[in-house]
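J.: Predicted model and sequence below, questions to follow.
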Amino acid sequence: DARALRASTLVGKWLQKQLPAIERHIVVRLLERLDFFSALQPKVLSRVATLFVYRDEIGGAALCEEGDASYDMWFIASGCVGAFVGDVEIARVSHDSPIPWVGERALFTREKRAASLVCLEP
């Protein structure tokens with residue numbers, strides 16, 4: 001039916017416009033859960049959240065490859081990430097690990113990635 005298709009298209013366009021605000025809200029809520037950001041005031045946390053991109057990955061998805069240039073670090077909101085050198089898993093970090101993030105060393109030093117990072121559980 002043409003009316004249903006038009007309504008669906010309008011809802012899709014509206015949702016597309018709202019998506020950045022929805023993602024920012026999700027990022028703020030995720031950052032609030034991390035001790036690293038817990039002392040920040042809500043306005044500051046909201047500004048910090050604009051520096052982040054929310055990504056929902058599937059199991060097996062590569063976040064980065066060993067030897068890649070370093071531009072990102074990842075905070076793990078759910079599931080876990082494995083760090084691999086070649087085929088050997090050298091570390092595993094999950095959302096409930098004491099430090100639930102990966103990739104910070106290479107980001108801050110600008111060295112090439114020392115390991116590949118793979119989403120093991122979404």
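T.: Perfect, I can see it now.
J.: now the helices for the protein?
T.: With DSSP state H, the ranges of helices along the chain come out as 2-32, 42-49, 104-109.
J.: Quick one: mean pLDDT for the shortest one?
T.: Mean pLDDT, helix 104-109: 82.
J.: Need the residues that contact that helix.
T.: Here helix 104-109 makes contact (Cβ atoms under 8 Å, 6 or more residues apart in numbering) with 70-73, 111-114. For every residue, glycine as well, the C-beta is placed using N, CA and C.
J.: quick one: which of the residues you listed is most hemmed in?
T.: Using other Cβ atoms under 10 Å as the neighbour test, these are led by Arg113, with 20 neighbours.
J.: Any regions of the protein where pLDDT drops low?
T.: Across the chain, the ranges flagged by pLDDT under 70 are 1-12, 14-15.
J.: do that again at 90, thanks
T.: 1-40, 42, 45-59, 70-78, 95, 98-101, 103-111, 121-122 (pLDDT under 90).
J.: Contacts only, for Phe52.
T.: 27, 31, 75.
J.: ok, what's across the strand from Leu81?
T.: Wrong residue type there; residue 81 is Val, not Leu. Val93, Cys119 (DSSP bridges).
J.: Count the neighbours of it for me.
T.: Neighbours of Val81 under the rule other Cβ under 10 Å: 24.
J.: That one contacts Trp74, correct?
T.: Yes. Between Val81 and Trp74 there is a contact at 6.8 Å, judged by Cβ atoms under 8 Å.
J.: and for the two, which residues touch both?
T.: 63, 102, 117.
J.: Just the buried ones from these?
T.: Buried members of the shared contacts of Val81 and Trp74, scored by 16 or more other Cβ atoms under 10 Å, are 63, 102, 117.
J.: Nearest spatial neighbour of Arg92, chain-adjacent residues omitted?
T.: Sequence neighbours aside, Gly82 is the residue nearest to Arg92 in space, at 5.1 Å (criterion: Cβ to Cβ, 6 or more residues apart in numbering).
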